[in-house]
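Student: Everything below, folded, please.
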Amino acid sequence: MVLWTAVLLIIGGICASAPLFKRAAKSLERFLIIIGFVVGIAVLAAAIILALGQSGLLGITAPNFSPGQYPFQDYYLVVMAVLGVLLFSRPLRKIRWASLIALGLGILAAAFLHSVFPTASTTILGIVFVVVLLIVYTLLRFAEDILDMIGGFLAFPPIAIIIGLVSIYYGLIIYAAG
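Tutor: Here you go, the predicted model:
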């Protein structure tokens, strides 16, 4: 149903505009960020479903626009993807997930080596742990920095507010076309 796409865009737009509510109440802004995380996952999933042409999956269908009915009507998928990334990445920017994943994989590699070769010395297990930890951390830290840069750019209040207002606009035109 087109209604779900429109509702996701409108609620996501309100959550993306959370910096507007900072002066009114800090707790309202935090609430919108938390709700926005969940809505961001739903918006990304809906954008992927629509981009793959799986209309009807989970009740999400593409809007049926008439040619030239609304200005910029063909860019709703781009808006959904940007909104989803903004809402999803905003609370995750503070978490250092690269170090957590690297630590876990280092421990798993050492434990796997110990289970395959039970007579392996502690020194060898320690070296395997450190090598895996450093390699995985280096690769994931690079990805984390790129995502942090993108998330920081999108979370900049004027940009987030613009993305929120554009999302609300697209939600309204999708609802009107629906």
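Student: who touches Phe31 in this structure?
Tutor: Neighbouring residues of Phe31 by C-beta atoms under 8 Å, 6 or more residues apart in numbering: there are none. For the C-beta atoms, the positions are set from N, CA and C on the backbone; glycine is no exception.
Student: So for the host helix or strand of it, mean pLDDT?
Tutor: Phe31 is part of helix 26-51 when elements are defined by DSSP states H and E. What helix 26-51 shows for mean pLDDT is 85.
Student: how about that helix: buried residues?
Tutor: 29, 32-33, 35-37, 39-40, 42-47, 49-50 (16 or more other C-beta atoms under 10 Å).
Student: Tell me the helices and strands packed up against the following helix or strand past it.
Tutor: Using DSSP H and E, the helix or strand that follows helix 26-51 in sequence is helix 76-92. If you count contacts as 3 or more C-beta pairs under 8 Å, 6 or more residues apart in numbering; DSSP states H and E, helix 76-92 packs onto helix 2-16, helix 26-51, helix 122-155, helix 157-177.
Student: Deepest in the core, which of those is it.
Tutor: Mean neighbour count (mean count of other C-beta atoms under 10 Å) peaks for helix 2-16 among the helices and strands packed on helix 76-92, with a mean of 23.
Student: what does the average pLDDT come to for that one?
Tutor: Mean per-residue pLDDT for helix 2-16: 85.
Student: next one: it to chain centre, how far?
Tutor: Centroid displacement of helix 2-16 relative to its chain, using C-alpha atoms, centre = their mean, to the nearest Å, is 15 Å.
Student: The residue most central in space within the chain and Ile163, how far apart?
Tutor: Centroid check for the chain by C-alpha atoms, centre = their mean gives Phe88 as the closest residue, at 3.1 Å. Per C-beta to C-beta, to the nearest Å, Phe88 is found 13 Å from Ile163.
Student: Any regions of this structure where pLDDT drops low?
Tutor: Scanning the chain for pLDDT under 70 picks out the ranges 1-2, 55-59, 61-62, 64-69, 72-73, 178.
Student: Give the helix, strand or coil label for the most far-flung residue of the chain relative to its centre.
Tutor: Distance from the C-alpha centroid of the chain peaks at Thr119, with 44.2 Å (C-alpha atoms, centre = their mean). With DSSP: H, G, I helix; E, B strand; the rest coil as the basis, Thr119 sits in coil.
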